[in-house]
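In: Here is my input, please return the structure:
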Amino acid sequence: MSLIKCPKCGEMFSDSYKTCPFCEEDEAYYSGKLRKSRGRRAAESRRRKTPSVLGPVAVIVLILLAALVVWLIFGDQIKEAITGEKPPITDVDKPDDTIDKPDNTPVTPTISLNRTVLVLNVGDKDELKVNGTEDTVEWSSSAPTVASVNSAGEVTALTKGNAVITAEVNGESVTCTVTVKDESDAPDNGTDTPDNNSTTTKPNNSTKPSTGSVDVSKLKLKLTMGEWVSTVESPNSDGNFEISSVQGEEWTLAVDGTTAATTWSAESGNGVATVNGDTLKVTGSNSGRYTTITGKVGDATIKLIVRIR
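Out: Presented below is the predicted three-dimensional model:
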């Protein structure tokens with residue numbers, strides 16, 4: 001027995017068949033005589049006549065997914081290679097210049113007080129004025145029972161002690177330190193006797209400092225001690241500058257409002273303060289004692305009353 005190749009379908013079959021069994025099977029299937037075929041040829045024929053679309057669709061989906069993953073990972077490099085353009089820097093990498101940076105520049109007040117230090121006896125009154133504004137000023141006292149202040153800036157000394165008067169305008173504030181003393185703290189007969197038996201003459205308020213060509217009323221006295229700076233904006237009603245201090249403090253004196261040099265001098269042995277060049281040193285310790293420091297500004301004379309608080 002040998003195999004014969006069918007010239008019609010190309011299948012190999014045994015020479016014991018007179019005709020090709022595969023061809024007969026196909027003819028029977030297509031004519032409807034064979035409804036259920038079990039042969040390999042019929043099965044292959046059915047698969048060829050009912051092709052499935054699931055396979056190609058699955059392949060296409062897999063290809064698209066692979067392309068998407070590649071683009072997500074290497075999209076920038078691919079675009080740069082094709083177009084030659086580099087991808088823009090994102091906001092994460094690029095510093096944001098629109099973010100406000102803290103401004104560490106010290107804020108210089110635009111307002112000031114005509115006095116930063118007041119020494120008053122109980123019952124005395126003095127008026128504070130704010131320079132540099134025409135707006136309404138809000139006044140307050142840290143110790144209203146010691147020194148009160150009204151809406152016009154008038155300070156009234158009530159009891160012995162210390163208080164800080166604050167003036168606030170449009171969010172800015174300036175202060176004045178007020179020292180209130182009893183009449184008993186004032187020196188008797190116009191003199192103050194220090195511990196070393198030397199005397200300090202009470203300043204003669206009836207004598208106004210000479211002005212010469214320098215306008216004393218426009219002068220400002222600036223006192224500096226380390227990082228602390230205090231400014232007496234203008235002389236008091238008696239024409240004298242006035243400060244209060246404690247034993248051991250050293251102040252550097254400077255006069256603003258003139259280009260003339262200032263020469264300072266103090267009464268020898270006053271028991272309150274000494275002056276060396278432009279350095280004022282408080283040596284006394286008895287509260288309420290005072291002395292007068294004289295400053296020669298050009299051809300004018302100014303006086304600084306130093307009180308121990």
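In: Tell me how many other residues crowd E172.
Out: 15 (other Cβ atoms under 10 Å). In this view, the C-beta of every residue, glycine as well, is placed from N, C-alpha and C.
In: from memory it sits against I111, does it?
Out: Yes - with contact defined as Cβ atoms under 8 Å, E172 reaches I111; the gap is 5.4 Å.
In: Next one: the nearest residue to Y290 once chain neighbours are set aside from T177, what distance?
Out: The shortest distance from Y290 to any non-neighbouring residue, by Cβ to Cβ, 6 or more residues apart in numbering, is to R307 (4.2 Å). Here R307 is placed at a distance of 12 Å from T177 (Cβ to Cβ, to the nearest Å).
In: How about C23?
Out: 125 Å.
In: for I302, same thing?
Out: Here I302 is placed at a distance of 21 Å from T177 (Cβ to Cβ).
In: cool, L120 as well?
Out: 11 Å.
In: wait, is E80 part of a helix?
Out: Yes - looking at E80 with DSSP: H, G, I helix; E, B strand; the rest coil, it is inside a helix.
In: Surely it and F74 touch.
Out: No - assessed by Cβ under 8 Å, E80 is found out of contact with F74, at 10.0 Å.
In: Tell me which of I302 and T177 has more neighbours.
Out: The neighbour comparison of I302 against T177 (other Cβ under 10 Å) goes to I302, with 23 against 19.
In: Pull out the C-alpha coordinates of the helix or strand harbouring the more buried one and format them as PDB.
Out: Using DSSP states H and E, I302 sits within strand 300-308. Once non-C-alpha atoms are left out, strand 300-308 reads as follows in PDB (Å, rounded to 0.1, in the frame of the first residue of the first chain):
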ATOM      1  CA  ALA A 300      25.500 129.700  70.100                       C
ATOM      2  CA  THR A 301      25.200 128.000  73.500                       C
ATOM      3  CA  ILE A 302      22.800 125.100  74.300                       C
ATOM      4  CA  LYS A 303      22.200 123.600  77.700                       C
ATOM      5  CA  LEU A 304      21.500 119.900  78.600                       C
ATOM      6  CA  ILE A 305      19.900 119.100  81.900                       C
ATOM      7  CA  VAL A 306      20.800 115.600  83.100                       C
ATOM      8  CA  ARG A 307      18.700 114.200  85.900                       C
ATOM      9  CA  ILE A 308      19.300 110.900  87.800                       C
END
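In: Who are the packing partners of it?
Out: Using 3 or more Cβ pairs under 8 Å, 6 or more residues apart in numbering; DSSP states H and E, the elements in contact with strand 300-308 are strand 241-245, strand 279-282, strand 290-297.
In: domains in this protein, as residue ranges please.
Out: 3-49, 52-97, 111-186, 189-309 (automatic domain parsing).
In: what mean pLDDT does the third one have?
Out: If you average the pLDDT over domain 111-186, you get 89.
In: Could you check how far it is from the centre of its chain?
Out: Put simply, domain 111-186 sits 30 Å off its chain's centre (Cα atoms, centre = their mean, to the nearest Å).
In: and what of the second one?
Out: Relative to the centre of its chain, domain 52-97 is centred 45 Å away, using Cα atoms, centre = their mean.
In: any low-confidence regions in the stretch 1-150 of the chain?
Out: In the predicted model of the stretch 1-150 of the chain, residues 1, 26, 28-30, 32-52, 87-109 satisfy pLDDT under 70.
In: where along it do the strands fall?
Out: Shown for the stretch 1-150 of the chain, the strands assigned by DSSP state E, counting those that start in this stretch span residues 3-5, 12-14, 112-113, 117-121, 125-127, 130-131, 138-141, 147-149.
In: again, but for the stretch 151-300 of the chain
Out: Under DSSP E, counting those that start in this stretch, the stretch 151-300 of the chain gives strands at 154-157, 161-169, 172-181, 191-192, 200-201, 220-225, 228-232, 241-245, 250-256, 262-266, 273-276, 279-282, 290-297, 300-308.
In: strands paired with the longest one, and their directions?
Out: Strand 172-181 has the following strand partners under DSSP bridges: strand 117-121 (parallel), strand 161-169 (antiparallel).
In: could those be laid out in CSV, adding distance to L253?
Out: Formatted as CSV, those follow (distance: least, Cβ to Cβ, whole Å):
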stretch, distance to L253
strand 117-121, 14
strand 161-169, 23
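In: out of the ones you listed, nearest to E127?
Out: Proximity to E127, assessed across the strands paired with strand 172-181 by Cβ to Cβ, is greatest for strand 117-121 (10.1 Å).
In: Pull out the buried residues from stretch 293-309.
Out: Using 16 or more other Cβ atoms under 10 Å as the test for burial, stretch 293-309 gives 293, 295-298, 300-309.
In: scratch that, stretch 131-138
Out: By 16+ other Cβ under 10 Å, the buried positions in stretch 131-138 come out as V137.
In: Kindly check the end-to-end length of that stretch for me.
Out: With Cα to Cα, to the nearest Å as the measure, stretch 131-138 spans 14 Å from end to end.
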